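K.L.:
when you get a sec, could you give me coordinates for this:
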Amino acid sequence: MRQERYYTVRRQAQLTTLAGPYLDALHARGIPVIVLKGGVLAERYYQRPDDRPMHDVDLLLRPGDVEKALALAADVGLQRFDDAHTLDFDLRFDTKTVLTHHPHDLRQPSLDLHWALMRDWLDGRGNVWLETAWQRAEPATFAGRPVLSLAPPDLLVHVVLHLAIQHAFEGLLWFCDVALIASAMNDPADWDASISGARSLGYGAALGVTLDLLDDLFAVRVPADVRRRLGRRSPRHALARRLVRRHLARLEPLSHLEYLLPLLLTDGSGTALGTAWRRVVPSRTWLEVRYPETRWPMHYARHGQAALRFAVRTLRGR
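P.N.:
Numbers count the residues shown, from 1 in each chain. Next up is the predicted model:
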């Protein structure tokens, strides 16, 4: 335990050193930045900041500031991580890019620069929700610099979607995050904002199922009125809960469900089918930017192979 705490403290110090000059540069240019997840959770909700491990720091910018922010990153020695996607793909179809001093080693400290939220699963709904979140963002600090933080209702929704939709509930640390945020929300108006926010994104069920799992597995209970307002689960939502609960109770991996659970947890089946179709058969432009080294029409064959691998992995259960 002592050794784990040492590595957590060391990592946090590295991330602070990495982020500090960049935050200074953004502040000097008047670019607002929201620090997401662990960067604010550690200070705000955990007894000690080093109780909350962090691999990287997530920063959220407004889309119109991304070009300037990338130029400032180069000025302070940060480079984009050399992954399988091009920067053009990130900017046109993804929601983030990774900045680091070590562009070929993602084990090193890094900054995840976000400008949107789960574009694949949310379409334009995420942009509307984010605009509201920006309007009620609260002052905070990170690395000794002034930043912004999501207000508690938005923080809860973001962490729930990160856990349930992006990572298929595979992360006990993120369950701890949700539990601490939910336990600290005593204002009914905050719960109203969380419920309406999750529903506006089409994932009210994701919030409800996550709170069910907190109760079932960790005895973390939310107000009865909140559970009542979230309503009864549809057969799809009940199936998602059973799948996740069974694997979590046995501490089994859940990553093979990363493409199935978002479809089960959407509030509307029509939306789920449309999203699934777009992921299996994306547009020609998406394919050309995603696989620039492949000649048309082999883009579809290459993407089809990747989709088939995910389907087999889901069916095999690992």
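
K.L.:
contacting residues for G197?
P.N.:
129, 132-133, 153-154, 157 (CB atoms under 8 Å, 6 or more residues apart in numbering). (C-beta placed from N, C-alpha, C; glycine too.)

K.L.:
what is the end-to-end distance of stretch 215-227?
P.N.:
Using CA to CA, to the nearest Å, one end of stretch 215-227 lies 11 Å from the other.

K.L.:
also stretch 246-261?
P.N.:
End to end - CA to CA - stretch 246-261 spans 14 Å.

K.L.:
now do that stretch, average pLDDT.
P.N.:
Stretch 246-261 carries an average pLDDT of 85.

K.L.:
in it, what's buried?
P.N.:
When burial is assessed from 16 or more other CB atoms under 10 Å, stretch 246-261 yields the following buried residues: 247-248, 254, 256-261.

K.L.:
could you redo these as a markdown table and give each row distance to V57?
P.N.:
Output for the buried residues of stretch 246-261, formatted as a markdown table (distance: CB to CB, whole Å):
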| residue | distance to V57 |
| --- | --- |
| H247 | 29 |
| L248 | 27 |
| L254 | 25 |
| H256 | 28 |
| L257 | 27 |
| E258 | 23 |
| Y259 | 27 |
| L260 | 30 |
| L261 | 26 |
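
K.L.:
could you list which of the residues you listed belong to helices?
P.N.:
247-248, 261 (DSSP state H).

K.L.:
which of those residues lies closest to L99?
P.N.:
The closest of these to L99 turns out to be L261 (CB to CB; 29.2 Å).

K.L.:
so what's the residue count around the spatially closest residue to that closest one that is not a sequence neighbour?
P.N.:
In this structure, L261 finds its nearest non-sequential neighbour in A168, 5.0 Å apart by CB to CB, 6 or more residues apart in numbering. A168 is flanked by 22 other residues according to other CB atoms under 10 Å.

K.L.:
residues contacting A168?
P.N.:
Neighbours of A168 in contact, by CB under 8 Å, 6+ apart: 244, 254-258, 261.

K.L.:
again, only using 10 Å
P.N.:
For A168, the contact set (CB atoms under 10 Å, 6 or more residues apart in numbering) comprises 240, 243-244, 247, 253-262.

K.L.:
pull the longest helix from the protein.
P.N.:
Max-length helix for the chain by DSSP H is helix 2-28.
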